[in-house]
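A.B. asks: Build the 3D model from these lines:
(chains A and B)
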Amino acid sequence: MEANAEVQVPVHKPASGRKRNRFLSRFYSQRYLQAMALLGVAWMILFNYLPMYGIIIAFKQYIGIGNYTKAPWAGWEHFQAIFEDDLMIQVIRNTLGISLLKLVIGFPIPILFALFLNELRSLRFNRIVQTITYLPHFLSWVILGGILTTWLADIGIINDVLMGLGFIKEPIFYLSEPKYFWTIVISSDIWKEFGWSAIIYIAAISSISPDLYEAATIDGAGRFQRMRYITVPSIKGTISILFILAVGNILNSNFDQILVLKNQLNESTSSVIDIYVYEIGIKQGRFSYSAAVGLVKGIIALFLLLLANSFSKRMNQSSLF
Amino acid sequence: MWTRDRRTRGEWIFDNLNVIAMLILCFATLYPIWYVLVNSFNDGTDAMTGGLIYWVPRKFSLENYDTVFKNAGIMTAMGITVAKTVIGTVLHVFFTAMVAYALSRKELIFRNGYMIMGTITLFFSAPLIPNYLWLRDLGLLDTFWVYIFPFMFSFFDLIIFLAFFREIPDGLEEAAKIDGANDFLIFVRIVLPVSMPVVATIALFHGVWQWNDYFTGLLYTNKADLQPIQTFLYRVVAQSSSNQILGATGGAINRKVTSQSIKLATMVITTLPIVVAYPFLQRYFVKGLMIGSLKG
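C.D. replies: The predicted structure is shown next:
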């Protein structure tokens, strides 16, 4: 406000001069604070805002060499090319398929886990289970990829057990066959994250007043009734906020995970948008086309997040922003 | 603790089934890690020939670890990982906390403007390719600092710091101000020391991320001696160039190890710091996540 006033009012007026002096002296008195804040602002400009300028290569013919501001314009050419790209359909199907299955199967599991964990009578056992199930969250996808390739190998533990039990005769090359890829991605994601994802629900449950449970018990409510009529309604807000986040993220596949597990043999089910952008951009050097795909994806993802948020606002008065 | 006090028969059955289900979950979580550990301590050649090893090493051997520790490539990658985790985390925490402290002070001029600028970064970010080109033009590719500078600040972490700093009583800062300390010194000498819980939380999360991140090394550097251990392992696991490890060890002179057994030993060494530090750090991340989730 003060800055604007200073520019608009002519300088010779004594009032404005005083105002300006006051502003400057106020600014000067907090110069250390301003320096600290402005360093952060400078970082954001350098690493958040200026890279966005590079989005213009989506509208240019840039082949990766030299200064992209000087590259010739291409207009909407790359965006039209998206619609003519045969691989796009496959990539979108994989992205949505994996995300939706993760949502349908992976989203309720941490909630159920938190509910049943809450029913444990021993608090110490409860803590131990929590500690153990959080652990995989802190392992990298490379390590998990190493475990999975070992387990799913032709002489791996999965084939060994299944053959030992007589379910299969020949070892299966799980990671080489496209039809197993989604199962592997979804189940390994659940293995790694179900405990960690439950943490917020566990916290929400622990903040429910014990009086509610006591009152319900006196009214004759059993174990499941208390779960159904007290615990679940109390964490409904938490559930819907996390659901918004999950829906808003539906176009963001787990890049780190899929990059580790995908190979040329399972490409038809493992290639998702983020991976596709990376491969055509960095590996094949089609910078402009790749940037166009990335831009379209980013815009749709943002739109989805806003949509999910307004939906949740209408449903139960809780929203992210 | 497990007596049948005042429980109906149905409840008793439910409780026991619940405990069993939880035990199965714990086993399912721990066993894959145990399997890697056991096989990394087994003679590599023996593991290849005699069927799978499920529970304990069949032919105990330290050869795998010996080979890994003598491998210059793996040790360099390990050094890069340690360096990027330590330097990256210290700078990230200090820098983000510093900016957060400035933004936590209500008298800060343009405070709303700075906040809006930061909030926008939560929703819009440059896509992969423009970001890559920008870091290339900055000259950060193939330097160690590409692991540090682009990750030195996070507005999301800043929000968590903000929530904590707001709770600090003003009197604490006023006293220092009367003594003539400037705002930066107040931040370093007073605010940071009383904010250790949140500092530890952010440090933990950023540290784990730095330690586990393999993509930055894959995308932004082609130099072999700049790749962190996770990127090295990625090349081994995903591009199944398992011979790379043996090649790096000098042509598989040692007949007791295989590329697979070395891979497992490397995985254990890479994971060990996290698993060892984990129980000590656990209390911080639960607390920190609560601060973060309250902010929503």
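
A.B. asks: who's in contact with the closest residue to chain A within the stretch 101-250 of chain B?
C.D. replies: Among the residues of the stretch 101-250 of chain B, B:P130 lies nearest to chain A; the distance is 2.8 Å by Cβ to the nearest Cβ. For every residue, glycine as well, the C-beta is placed using N, CA and C. By Cβ atoms under 8 Å, 6 or more residues apart in numbering or on different chains, the contact set of B:P130 is A:51-55, A:57, A:291, A:294.

A.B. asks: Nearest to B:S40 among these?
C.D. replies: B:S40 lies nearest to A:G294 out of the contacts of B:P130, by Cβ to Cβ, at 39.3 Å.

A.B. asks: what residue ranges in the stretch 201-321 of chain A score low on pLDDT?
C.D. replies: The stretch 201-321 of chain A contains residues with pLDDT under 70 at A:315-321.

A.B. asks: let's see it at 80
C.D. replies: A:245, A:309, A:311-321 (pLDDT under 80).

A.B. asks: Check it for the residue nearest chain B and tell me.
C.D. replies: For the stretch 201-321 of chain A, Cβ to the nearest Cβ, closest residue to chain B: A:G294, 3.3 Å.

A.B. asks: wait, that residue sits on B:N131?
C.D. replies: No: A:G294 lies out of contact with B:N131 (Cβ atoms under 8 Å); the separation is 9.6 Å.

A.B. asks: Neighbour count: the two, which is higher?
C.D. replies: A:G294 (25 against 21; other Cβ atoms under 10 Å in any protein chain shown).

A.B. asks: What is the neighbour count of the nearest residue to the more buried one once chain neighbours are set aside?
C.D. replies: Distance criterion Cβ to Cβ, 6 or more residues apart in numbering or on different chains; nearest residue to A:G294, sequence neighbours excluded, is B:P127 at 3.3 Å. Neighbourhood size, B:P127 [other Cβ under 10 Å]: 24.

A.B. asks: got the phi/psi numbers for B:P127?
C.D. replies: phi -60, psi 170 (degrees, to the nearest 10).

A.B. asks: if I look at it, how far off is B:F161?
C.D. replies: 28 Å (Cβ to Cβ, to the nearest Å).

A.B. asks: Is the residue of the stretch 201-321 of chain A closest to chain B within a helix or a strand, and which one?
C.D. replies: Element membership of A:G294, judged by DSSP states H and E, is helix A:287-316.

A.B. asks: got a list of what B:G217 touches?
C.D. replies: B:80, B:147, B:226-228, B:230-231.

A.B. asks: Let's verify the closest residue to it other than its chain neighbours: helix, strand, or coil?
C.D. replies: Distances taken as Cβ to Cβ, 6+ apart place B:T231 nearest to B:G217, at 3.3 Å, with adjacent residues excluded. Three-state call for B:T231 (DSSP: H, G, I helix; E, B strand; the rest coil): helix.

A.B. asks: Quick one: residues contacting B:T231.
C.D. replies: By Cβ under 8 Å, 6+ apart, the neighbours of B:T231 are B:77, B:214, B:217-218.

A.B. asks: residues near A:Y213, how many?
C.D. replies: A:Y213 has 14 nearby residues by other Cβ under 10 Å.

A.B. asks: in which helix or strand would I find it?
C.D. replies: Applying DSSP H and E, one finds A:Y213 within helix A:210-218.

A.B. asks: Report the separation between A:L307 and B:L17.
C.D. replies: A:L307 sits 41 Å away from B:L17, going by Cβ to Cβ.

A.B. asks: same question, A:F243
C.D. replies: Distance from A:F243 to B:L17, by Cβ to Cβ: 28 Å.

A.B. asks: can you check A:L152 too?
C.D. replies: 31 Å.

A.B. asks: The two: who's more crowded?
C.D. replies: With neighbours defined as other Cβ under 10 Å, A:L152 and B:L17 compare such that A:L152 has more, 21 against 11.
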